[in-house]
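Colleague: Sequence first, then the predicted structure:
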Amino acid sequence: MPNDTARDRQARVDALLEDNIRTELQAQNALADLGLSQQAITRLARGIAAEVLYAFAVDWSPRWVGPGQVHTWEESGNFFARCPACLLDSPPTGNREAAAAWAATHRAAHRPAQAPGSTEPGK
């Protein structure tokens, strides 16, 4: 049985997948003038995400984020970052650097504590 952290992370992966599908459906709806209502787009996104999650092992792993980096973005004049461990999003910040700093500090909380005098985490 997975622990709460693993379940929480998987729930976040599931939500991110559905959100990405919904965003793409909205874009295609606008570009191709498909005439889909927001209700139809939401139902399609939920259904597609459920089928993908049922048949495939899915994880959030954006190819545009390099090793050791965090995903940051700008939205409505605010900057955000996503913790790669738990996928929690930062609060809005005034710049990309502050968002990335939040993610670095937050991610450090996921690492096991290091005992005094030890060079190995969790020992």
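Modeller: Nice, thanks for sending it over. Residues are numbered from 1 along each chain as shown.
Colleague: Give me the most central residue, the protein.
Modeller: Nearest residue to the geometric centre of the chain (C-alpha atoms, centre = their mean): residue 87, 4.5 Å.
Colleague: can you pull the contacts of that one?
Modeller: 9, 12, 13, 16, 60 (C-beta atoms under 8 Å, 6 or more residues apart in numbering). Quick note: C-beta positions are derived from backbone N, CA and C, even for glycine.
Colleague: Not counting sequence-adjacent ones, nearest residue to it?
Modeller: Of all residues not flanking residue 87 in the chain, residue 12 sits nearest, at 4.0 Å (C-beta to C-beta, 6 or more residues apart in numbering).
Colleague: Residue 24: which of the contacts of residue 87 is nearest?
Modeller: Checking the contacts of residue 87 against residue 24 by C-beta to C-beta gives residue 16 as the nearest, at 12.7 Å.
Colleague: Show me what the helix or strand harbouring the closest one is packed up against.
Modeller: Assigned by DSSP states H and E, residue 16 belongs to helix 4-31. Applying 3 or more C-beta pairs under 8 Å, 6 or more residues apart in numbering; DSSP states H and E, we find helix 4-31 packed against helix 38-55.
Colleague: Contacts for the helix it packs on next, please.
Modeller: Against helix 38-55 from outside (C-beta under 8 Å, 6+ apart): 14, 17, 18, 19, 21, 22, 25, 26, 29, 36, 58.
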